[in-house]
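Novice: I'd like to go over a predicted model; first the sequence, then the structure.
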Amino acid sequence: MQKVVLVTGGGRGIGAGIVEKLLQENWQVAFCGRREPAALAERLQELTDRYPGDRVAYWQCDVSRAEERTGLLEAILARFGRLDALVNNAGVAPEVRRDLLEMTEESFDRVMGINVRGPLFLTQRIARYFAESGTKGTIVNIGSISATVASVSRGEYCISKAAVAMLTRLFAVRMAEFGVPVYEIRPGVIHSDMTGVVREKYDRLIAEGLTLQPRWGEPEDIGRAVAMLLRGDLAYSTGQVINVDGGMEVQRL
């Protein structure tokens with residue numbers, strides 16, 4: 001029987017790259033996002049045509065809202081009969097980049113709700129399912145180099161990703177007794193909707209040597225890293241961080 005994975009924020013950008021790669025790896029993929037199903041109908045049809053056999057399904061869900069998270073696991077189990085992995089990818093940047101001295105509480109609450117509260121309590125629910133069912137599942141959190149690299153024009157985002165790093169460690173400790181490994185992947189500068197507004201800036205920085213590998217990261221780079229972890233290629237490494245950043249964080253003189 002094929003294994004089933006839930007990918008949050010799987011409709012576009014990094015999430016779409018993860019969904020595509022896991023379908024290539026023969027997973028059944030449930031993914032969710034805030035957009036209405038009609039907005040993803042064409043994309044879903046393309047995936048269904050390429051990967052037939054009830055391999056993929058989409059649910060509308062804003063992970064920051066408890067009422068929308070409620071029933072998501074049950075719906076997946078009703079559709080596919082099992083769940084073997086969770087990829088917490090859903091995340092947002094501030095709607096307006098503001099200096100740290102001008103950051104608003106409203107922006108902070110929005111970013112923390114989607115980037116931290118959502119994955120925390122969704123992971124809690126699915127971790128309970130793994131523990132109660134005896135499923136040797138896998139949990140992967142998509143963090144960011146912003147967990148350690150300060151960006152004062154989007155402080156709320158950096159804080160949220162630092163929180164995801166601790167969330168990873170906490171669940172790695174808690175779920176060890178159940179044989180459920182938990183990992184964090186930290187993307188660097190990745191082509192996506194989120195980075196579209198700063199494309200010229202990062203084109204210049206990459207040309208000037210920001211990354212050791214002189215190119216943008218692509219969603220499929222993250223998809224390959226997720227696939228590696230879900231295959232169990234790093235089975236003795238729970239709680240660890242995988243940087244997918246082109247060598248950006250390597251210290252240099």
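Specialist: Received the coordinates, thanks. Since this is a predicted model, take the numbers as computed values, not measurements. Residues are numbered from 1 along each chain as shown.

Novice: C-alpha from now on. contacts and neighbour counts both.
Specialist: Noted.

Novice: what's the closest non-adjacent residue to residue 227?
Specialist: Leaving aside its chain neighbours, residue 227 sits nearest to residue 22 (6.2 Å; criterion: C-alpha to C-alpha, 6 or more residues apart in numbering).

Novice: so the one you found touches residue 229, yeah?
Specialist: No - counting by C-alpha atoms under 8 Å, residue 22 stays clear of residue 229, with 11.1 Å between them.

Novice: neighbouring strands for the helix or strand containing residue 183, and are they parallel or not?
Specialist: Assessed by DSSP states H and E, residue 183 sits inside strand 182-187. Strand 182-187 has its sheet partners listed here by DSSP bridges as strand 138-142 (parallel), strand 241-244 (parallel).

Novice: any idea which helix or strand comes after that strand?
Specialist: helix 199-207.

Novice: could you export that following helix as PDB, CA atoms only?
Specialist: Presented in PDB, the C-alpha positions along helix 199-207 are these (Å, rounded to 0.1, in the frame of the first residue of the first chain):
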ATOM      1  CA  ARG A 199      14.000  39.500  -7.000                       C
ATOM      2  CA  GLU A 200      16.200  42.300  -8.300                       C
ATOM      3  CA  LYS A 201      17.800  42.600  -4.900                       C
ATOM      4  CA  TYR A 202      18.700  39.000  -4.600                       C
ATOM      5  CA  ASP A 203      19.800  38.800  -8.300                       C
ATOM      6  CA  ARG A 204      22.400  41.400  -7.400                       C
ATOM      7  CA  LEU A 205      23.400  39.800  -4.100                       C
ATOM      8  CA  ILE A 206      23.800  36.400  -5.700                       C
ATOM      9  CA  ALA A 207      25.900  37.900  -8.500                       C
END
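
Novice: now it: buried residues?
Specialist: Neighbour-count burial for helix 199-207, counted by 16 or more other C-alpha atoms under 10 Å, picks out 199, 202, 206.

Novice: what's the answer for stretch 161-168, then?
Specialist: In stretch 161-168, counting by 16+ other C-alpha under 10 Å, buried: 161-165, 167-168.
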